[in-house]
Every structure is written in structure tokens, then in C-alpha cells.
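Chemist: the sequence and its predicted three-dimensional model are supplied below.
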Amino acid sequence: MNHIQTPIIPITQQFARRKGVSHDIHKEALCVYVALGFFLGEDAFYKDECVLQPGKQYTLDENNHILKEDTYFNWHYSPRSISLKSALEEYTDLFEDIIKTQSLKAPVILPLSGGLDSRTQAVALSHLKADVTSYSYSFTNGFNEHNIAEDIAKVCGFRFQAFKIPEGYLWKNINELSRINNCYTNFTPPRQMAVLSQLKQMQGEFSLGHWGDVLFDSGIKQNEASLSVLDIVYKKIVKPSGLVLAKLLWKQWGLHGDFEAYLKARLKVLLNGIDIDNTSAKIRAFKSLYWAPRWTSVNLSVFQEVHPVNLPYYDDRMCRFICELPEKHLANRQLQIAYIKQRNPELAKVMWQAQKPFNLCNYQNNTAPRNLPYRITNKMKRTLGEVMGRKFIQRNWELQFLGKTNDEALREYVFDEGFLEFVGPDTVQQIYSSFKSKASVTYAHPLDMLLVLSVWRKGELNEMLKEDL
């Protein structure tokens, strides 16, 4: 027998098998997968496979079947009567203790962005005098995010390296990427795949800031307050064009009932299993249970391919701490902002990418008319670039899917004869045509999911052929 305890937010997926269930492709799960971009709950590619869930203790037999399952942690909302000042003190002590425990035993490799999560890590690592090599990347012909990251590195005294994400890198790396993530998430988000060889040359362990933005902010927006929890979650996780593809596959495969009804019923069951009345806290718990492990964590596998990873915001102690903080202290990233301003005031003055060109000290000024000069200048630069034939790149898929060479490579996968038999030629043609007819921003997601399914299907067929031989 094998005893396994999963973390509150698992870094890696662990699999078990369902006893007495056929090894058929789980087509209902695949429809959910393409609609969301991640598998939901225990779902996997086959019906007899399941992924172990967060915060549980399992007993498995010698064939990896689940014999016993117990929950040792339930997300909850038990806010203490605590001031923002006291909450900041506790956050500071806890965060820096986690960083110290995780990241001072080896040199640190720190990916830096223009946001807040990696900046909080930079503050803590600088304060603790860690040995840090930092880096960042920007898209070719895109916003120079690495400039903000380099300014952060300079303030902290870190070594720094800037990378440019090139056009079409995906096609020479797609087989390796599918091996790394096992096709459990789409292929264009993990842009670190483009610089994997360079990351391998660095020495140390990654410190990654994933999930800080979810834990340390409100789970809902002001305009969502009147909606039901189910409606809010559905709106947050379902991609409209992914829903189009899911419905096409549901019909192509002749599945019973209506896809949206199926998905909403699944979500309702999962939400009912979270015993939290506060809407914001409940949605944060849902994301941490079902989004973080099945999407965010899967993409961590690319980092894990080259060096060990540490994630301070994934730490069990941080999750427990969040459950005891009043929502009013978590909203609007105020604890992270206050931490940076208090511990490293100079770092707070570096531009905040989400509030360009303002920083943590004056981002409240990012309203008209104060922000108009920057917005007008930025718009003029982008327009001039487009007039000169330089498309402004904002998303990784634009570098991988657009242009003749990329299109030819993409078509080899999604219009593969065997794949068309699996998903239906009309399904592929509708998604591809929608993408090409000036709706690329909307339909990049389902096209990416078709690419993933094509690579997965080809790999599965190759494995079956090897077994037959």
C-alpha cells in the first residue's frame, strides 16, 4: 500500500486509477478541458484515470487504485479581528520566514515581471541578502516588460539577464513541451519554454511568485457583487470561444444532453463542497482547489524541467494564514503594496506594469486626465509602428500562430487526417476559419486547444502502435 498526503495547493499532479472503470477516452472531460483550458477536479484524458485532489490523504493499493481518501484541510473563512497594521506585520514575518526556509539553502533564480508578486519576492530576498540571479523576458515587438524588471533588479543589487521571446519558437520545441506537461495545458502560455536552454545554464533554484495575485486580492469585482457564486465562477473560468469548441465536440461525439448544463452541474457540486458563505473567499478557495493545481501548476513543470522550484505563495502556512484574514485587508493587493513600500521604498517607486506609467506610490493617479499624456503617446508609438509594418505583440500566441511559416506548421497538426477523424473536419474548419477571419484574439484559445489535442492524440496512437508491435 502507498500513503500519500497532497499539499493544500499541489505543485505537481499525482495520478491514481479508478477501479472497475473502462479505459475509454473521457470525452466529457475533454469538452470541459477545451472550454476552460484546464481539466476540472479529478478529470484526466481517460475515464479510469484520476488526479489526486488538494488537501487530502490517500491510501493506494499496489495497482494505484484508491482504497481510502480523507480530507485534512478545508478552505474556510474565519476572519480574526485584526487591524491592517497587525496583518501587515504578520504577513511580513510569515512571508520572509517562508522565503528564508525555501530559498536560502541555494542560489536563487528569480523570474521578474512588472507586477507585484515577484516584486514582493525581490523585497524579501534582498532584505535577507540572498544570492540572486534574476531575469525577465519581453515579446519581440512588444512592451519591454524586461525594462521594469531590470530596474527592480538594480534597486535590489541582483544579477539580471533579459530575454526576447522569438517568433515561431514553439514548433521546434513542441514535442519536448508535450513531454514535459503531458498535454495537460495549452502550449502558448509557458513562454519560458523559449529560453529553456539559457535557464539551464543558470545555477540555483527557482523562487516563483505564482498565485500571490489570487490570495492577496478580492475574489470578486464590484460589478459582480449581485451575481450568484455559480455565475461569477462560470464567467471567470469559461472562455467564450472555448465554449464554442466544447459544444462542437459535444455534438461531434454524440454525448448525452447539453454541454453547458453538464458543466454548470459539475461546477455547482464543486462549489457546494466549499463551506464558505463569503462570496469573495469562496471563489478564492474554488480557484485554489481547481484552477491552481490543474493549470498554474501544470505550467510549473517547464521550470521543474531545469531546476527545483520553490513557491512562497503555495506554502501551506500561507494558505492557512489567508483563511484568517478579513477580506477588507486582502482587497486591492493592499498588503503586498504596503509590504513593498515599508520594506523597500525605492522599489515601490519603480513602475507598476498594471498601472503604467505610475508606481506603487502614485498609482491612484492612473485616471483621466492625469494618464492621458502617457496613453496618447503610447497609442501614437503603436500606430506608427503598425504603419511601418511592425505589429505590436501583446500575447505569446501572436508570435506562434500568425504569419505564413507559423500557419503552415499549425495546419500540419490541426488538419492532420487522423486528428480530423477524431474531432471532425467541420469542427477544425470552423475554429480555424474564425481565427483567420480577423477574430484571432477571440479564437486563439480554441485553436491552441486543438493543437494540444492533436499532439496528444498523435502521441497516444504512437504508443498504441508500439504496444501492438
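Modeler: In hand now; what should we look at?
Chemist: so the residue positioned nearest the centre of the chain, which of the three states?
Modeler: Against the mean C-alpha coordinate of the chain, by Cα atoms, centre = their mean, the closest residue is Thr296 at 3.4 Å. Look at Thr296: counting by DSSP: H, G, I helix; E, B strand; the rest coil, its state is helix.
Chemist: now do the same contact list for it.
Modeler: For Thr296, the contacting residues are His210, Trp211, by Cβ atoms under 8 Å, 6 or more residues apart in numbering. Backbone N, C-alpha and C define where each C-beta goes, glycine included.
Chemist: hey, where'd the strands end up in this structure?
Modeler: Shown for the chain, the strands assigned by DSSP state E span residues 2-5, 15-17, 49-51, 56-60, 66-71, 108-111, 132-139, 159-165, 205-207, 309-310.
Chemist: most tightly packed of those?
Modeler: strand 108-111 (a mean of 24; mean count of other Cβ atoms under 10 Å).
Chemist: run through the neighbouring helices and strands of it.
Modeler: helix 117-127, strand 132-139, strand 205-207 (3 or more Cβ pairs under 8 Å, 6 or more residues apart in numbering; DSSP states H and E).
Chemist: which one of these lies nearest to Tyr413?
Modeler: strand 132-139 (22.5 Å; Cβ to Cβ).
Chemist: would you mind putting the CA coordinates of the closest one into PDB?
Modeler: Taking C-alpha atoms only, strand 132-139 is exported to PDB below (Å, rounded to 0.1, in the frame of the first residue of the first chain):
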ATOM      1  CA  VAL A 132      20.000  36.100  -6.600                       C
ATOM      2  CA  THR A 133      20.200  35.800 -10.400                       C
ATOM      3  CA  SER A 134      17.200  37.400 -11.900                       C
ATOM      4  CA  TYR A 135      15.800  37.500 -15.400                       C
ATOM      5  CA  SER A 136      12.800  38.700 -17.400                       C
ATOM      6  CA  TYR A 137      11.500  38.400 -21.000                       C
ATOM      7  CA  SER A 138       9.600  40.500 -23.400                       C
ATOM      8  CA  PHE A 139       7.900  39.700 -26.700                       C
END
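Chemist: follow-up on the earlier one: and the strands of the chain as TSV, adding distance to Ser81 and mean pLDDT?
Modeler: As requested, the strands of the chain are exported to TSV (distance: least, Cβ to Cβ, whole Å; pLDDT from 0 to 100):
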stretch	distance to Ser81	mean pLDDT
strand 2-5	32	96
strand 15-17	42	96
strand 49-51	38	97
strand 56-60	31	97
strand 66-71	28	95
strand 108-111	36	98
strand 132-139	38	93
strand 159-165	43	94
strand 205-207	33	97
strand 309-310	33	97
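Chemist: out of the ones you listed, which gets nearest to Val452?
Modeler: strand 49-51 (16.8 Å).
Chemist: I'd say Pro166 and Thr140 touch.
Modeler: Yes: taking Cβ atoms under 8 Å as the definition, Pro166 is a contact partner of Thr140 at 5.9 Å.
Chemist: need the overlap of contacts for the two.
Modeler: With Cβ under 8 Å, 6+ apart as the test, Pro166 and Thr140 both reach Leu399.
Chemist: per-residue pLDDT, Tyr225?
Modeler: One thing to correct before we go on: residue 225 is Ala, not Tyr. As predicted, Ala225 sits at a pLDDT of 80.
Chemist: please report phi then psi for it.
Modeler: Here is the backbone geometry of Ala225 (degrees, to the nearest 10): phi -60, psi -30.
Chemist: and the gap between it and Asn63?
Modeler: Computed as Cβ to Cβ, to the nearest Å, the Ala225 to Asn63 distance reads 49 Å.
Chemist: again, but for Pro10
Modeler: According to Cβ to Cβ, Pro10 stands 22 Å off from Asn63.
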